[in-house]
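[1] any chance you could fold what I've pasted below:
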Amino acid sequence: MSGQGDMTPGRLDALDAFRGFTIAAMVLVNNPGDWGNLYSQLAHAKWHGWTFTDTIFPFFLFIGGVAMALSLGRLAAAGADKPQLLLKLARRACLIFLIGFLLNFIPRFDLDTVRIPGVLQRIALCTLLAAPIVVYCGWRMQLAIIAFLLTLYSALMLFYPVPGIGAGVLEPGQDFGAYVDRMLLDGHMWVQSKTWDPEGLFSTLPALCSQLFGVLAGRFLLTKLDRTEQIVWMLLAGLLFVWLGVVLDAILMPINKSLWTPSYCFLMTGWALLLFCAFFWLLDANPYRALREAAARWARPFKIYGMNALFIFALSGLLAKMLGFIKLTAADGGAVSLGRALYAPLRGLPIGAVNSSLLHALLFNACMFAVAWVMWRRKWFVKV
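    Numbering: from 1, shown residues only. Model (predicted):
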């Protein structure tokens with residue numbers, strides 16, 4: 001590979017590796033042995049602020065946007081019918097939504113209380129809303145839509161008087177987005193809060209912007225610029241977005257994942273661009289053969305994970321729920337969950353509670369990777 005970018009990119013190794021890195025990080029932070037003993041970066045920020053864990057979801061949306069731009073670019077170049085493209089994307093979004101929704105039924109199959117929002121559901125909504133924008137709008141119109149959505153979101157969050165609370169209150173359950181969710185999803189929100197949902201409807205608008213920023217990055221990769229030049233411009237954009245996130249945190253709204261504030265949207269897009277550039281240079285644009293081959297070996301586990309990301313996402317969520325609701329009989333005659341029983345030997349190790357909890361997450365991740373590896377070896381790729 002020469003490192004030149006004067007051709008339309010096919011499947012990018014960087015995108016698969018970045019996706020795999022993100023799914024591995026998701027499995028890690030979602031499956032500790034003990035939620036009460038975590039390293040701070042492996043837990044979400046309490047409210048305002050951010051941690052490593054808070055980067056994972058926007059990375060998924062950014063990656064989805066890049067992939068959407070690249071795949072639609074190839075299909076459009078081949079003369080694909082636009083309404084058919086939209087129908088295909090709508091079917092994919094509906095299936096992703098259905099998978100996430102069905103997971104929310106476990107372990108209680110109760111239509112009256114089942115949570116409707118969720119991570120997969122938000123990914124599905126963003127895909128569904130982004131599809132016509134990607135298919136019918138140029139990059140200038142896409143930028144205008146992003147600006148409009150972030151402006152609308154900010155105006156309503158800061159200036160709409162929430163009944164009984166007032167305008168501009170950004171505390172849990174008191175913001176405009178939570179007010180909308182209570183009106184439309186009352187009784188079907190996150191069980192830990194009940195009055196607001198971290199994947200609620202209104203905060204999906206700025207989350208959509210995170211995906212559209214990924215679309216713009218993907219469109220940029222389709223240009224005729226040299227790949228090295230593409231990386232330089234994306235690095236500069238990433239640094240600019242990180243700076244904008246910090247500035248908006250100070251002057252507009254705090255960085256907040258649950259609210260998906262504009263500052264959070266820009267900051268996480270910036271980090272996504274910077275990390276993607278690292279993968280892109282190492283795996284796709286690197287002119288040094290020995291280094292590129294070494295990077296490919298190092299990144300192979302991530303690529304294996306990334307080839308079946310949605311399946312591993314759903315399977316890990318299902319297994320985590322099963323570990324919680326399957327009960328065993330304890331030595332004292334009581335009941336203990338399967339997860340607690342499996343964690344007990346790790347908890348007894350002389351390495352500290354936090355490290356025991358982390359070891360559980362690493363072992364769970366290793367099990368998920370084993371599944372991904374078997375599927376990769378047998379060429380089983382689950383696509384929707």
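
[2] over to residue 196. Which of the three states is it?
    Using DSSP: H, G, I helix; E, B strand; the rest coil, the structure places residue 196 in coil.

[3] what about the closest residue to it other than its chain neighbours, helix or strand, and which?
    Taking CB to CB, 6 or more residues apart in numbering, and ignoring the residues beside it in sequence, residue 196 has residue 178 as its nearest neighbour in space, at 3.7 Å. Backbone N, C-alpha and C define where each C-beta goes, glycine included. Residue 178 is located in helix 176-185, with elements delineated by DSSP states H and E.

[4] would you state the strands of this structure in chain order?
    Under the criterion DSSP state E, strands of the chain are mapped to 327-329, 335-337.

[5] of all the ones you listed, which one is nearest residue 376?
    In terms of CB to CB, the element of the strands of the chain nearest to residue 376 is strand 335-337, at 31.1 Å.

[6] off-centre distance for the closest one?
    Distance, stretch centre to chain centre, for strand 335-337: 32 Å (CA atoms, centre = their mean, to the nearest Å).

[7] any low-confidence regions in the stretch 201-350 of the chain?
    Within the stretch 201-350 of the chain, the segments meeting pLDDT under 70 span 330-333.

[8] cutoff 80 now
    Along the stretch 201-350 of the chain, the model assigns pLDDT under 80 to residues 329-335.

[9] please enumerate the helices of it.
    204-221, 227-251, 262-280, 289-306, 309-325, 338-347 (DSSP state H, counting those that start in this stretch).

[10] want to throw the strands of the chain into a markdown table with distance to residue 68 and mean neighbour count?
    Listed next are the strands of the chain as a markdown table, based on distance: least, CB to CB, whole Å; neighbours: other CB atoms under 10 Å:
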| stretch | distance to residue 68 | mean neighbour count |
| --- | --- | --- |
| strand 327-329 | 42 | 12 |
| strand 335-337 | 39 | 14 |
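
[11] between these, which one is closest to residue 285.
    Closest to residue 285 of those, according to CB to CB: strand 335-337, at 47.5 Å.

[12] what packs against the closest one?
    helix 309-325, strand 327-329 (3 or more CB pairs under 8 Å, 6 or more residues apart in numbering; DSSP states H and E).

[13] mind listing what that strand pairs with, with the direction of each?
    Strand 335-337 has the following strand partners under DSSP bridges: strand 327-329 (antiparallel).

[14] which residues touch the partner strand?
    Residues outside strand 327-329 that contact it (CB atoms under 8 Å, 6 or more residues apart in numbering): 335-338, 341.

[15] no further queries at this time; thank you.
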